[in-house]
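Participant: here you go, sequence then predicted model.
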Amino acid sequence: MQNDLSDYRKSYEKGALILSEVPENPMELFQKWFFEVDKYFAEDETNAMTISTLGSDGYPKNRVVLLKKYTYEGFIFYTNYESDKGKAIAQNPNVCLSFFWQGAERQIIIKGKAEKISENLSDGYFESRPRGSQLGAIVSKQSDTIESREFLEAKLQKLEQEFQGKEIPRPDYWGGYIVKPVEIEFWQGRPNRLHDRIRYKLQSDYNWKINRLSP
């Protein structure tokens, strides 16, 4: 099989990223970009991000998760701690997050360290989820091999009956991570592939060093 994609072309012309105009803290620029994309561009899930981890087999693995909160400290998402990503993070907390907002011709790449958030924060978010999502977190032993779709649905039906009219507790193996950034790169598409790239690197004094990178 062969499919030549060399003729795929696009000119990026929707914005510019000027070094002299960026804030000192990258989280302020992230917030600005996130709000702009969410308001002005047709993204189905502006908070969808790719997380990359390094597995015990030595291979990096990417998957899309949903950002649920961000602060000056970092980026929070929720998952099964016993999943492939959870096991990878337990072995090596160095991860990479990335956002690609095609409509705005923008990309953000974040290097950081992932750590579990407090149990009470995970409890609070779990309680806010729809009951179906709560039950789904219990039903799915994420990343395990299963025999069929019907197996999952039968487990869900059994749990629906078991917890009918009852509060659903958060399982110990499910909760949140915060990724605390050490480097954040902002990419704005520009004409002739001369894209704008601004990189923030965290310094030992917790200030950010800002550089423009060649495209």
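Facilitator: Looks like it came in fine. Bear in mind the structure is a predicted one, so any value in this text is a computation, not a measurement. Numbers count the residues shown, from 1 in each chain.
Participant: could you use CA atoms for every contact and neighbour count after this?
Facilitator: OK.
Participant: and the gap between residue 148 and residue 136?
Facilitator: Residue 148 is 16 Å from residue 136, where distance means C-alpha to C-alpha, to the nearest Å.
Participant: who's more crowded, those two?
Facilitator: Per other C-alpha atoms under 10 Å, whichever of residue 148 and residue 136 has more neighbours is residue 136, with 16 against 8.
Participant: ok, the closest residue to that one other than its chain neighbours - contacts?
Facilitator: Excluding the flanking residues, the one nearest residue 136 by C-alpha to C-alpha, 6 or more residues apart in numbering is residue 156, at 7.1 Å. Counting by C-alpha atoms under 8 Å, 6 or more residues apart in numbering, residue 156 touches 135-136, 139.
Participant: which helix or strand contains residue 156?
Facilitator: Residue 156 is located in helix 149-162, with elements delineated by DSSP states H and E.
Participant: after that helix, next one along is what?
Facilitator: strand 174-188.
Participant: and that following strand, which strands flank it?
Facilitator: Each strand paired with strand 174-188, and its direction, by DSSP bridges: strand 75-80 (antiparallel), strand 106-116 (antiparallel), strand 196-202 (antiparallel).
Participant: now those in a markdown table, with mean neighbour count and mean pLDDT?
Facilitator: Putting the strands paired with strand 174-188 into a markdown table (neighbours: other C-alpha atoms under 10 Å; pLDDT from 0 to 100) gives the following:
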| stretch | mean neighbour count | mean pLDDT |
| --- | --- | --- |
| strand 75-80 | 20 | 98 |
| strand 106-116 | 19 | 98 |
| strand 196-202 | 20 | 98 |
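Participant: can you redo those strands as a markdown table with distance to residue 43?
Facilitator: Converted to a markdown table, the strands paired with strand 174-188 look like this (distance: least, C-alpha to C-alpha, whole Å):
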| stretch | distance to residue 43 |
| --- | --- |
| strand 75-80 | 19 |
| strand 106-116 | 12 |
| strand 196-202 | 21 |
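Participant: state the distance from residue 12 to residue 212.
Facilitator: 18 Å.
Participant: which of these two has more neighbours?
Facilitator: More crowded of residue 12 and residue 212, by other C-alpha under 10 Å: residue 12, with 18 against 15.
Participant: ok, the more buried one - contacts?
Facilitator: Residue 12 neighbours (C-alpha under 8 Å, 6+ apart): 105, 189-193.
Participant: middle-most residue in the protein, spatially?
Facilitator: residue 49 (3.6 Å; C-alpha atoms, centre = their mean).
Participant: quick one, phi psi at that one?
Facilitator: When read as degrees, to the nearest 10, the backbone of residue 49 gives phi -140, psi 150.
Participant: what's the neighbour count on the residue nearest to it when sequence neighbours are not counted?
Facilitator: Spatial nearest neighbour of residue 49, excluding adjacent residues (C-alpha to C-alpha, 6+ apart): residue 99 at 4.9 Å. Neighbourhood size, residue 99 [other C-alpha under 10 Å]: 20.
Participant: doesn't residue 99 belong to a strand?
Facilitator: Yes: Residue 99: assigned to a strand according to DSSP: H, G, I helix; E, B strand; the rest coil.
Participant: nothing else from me, thank you.
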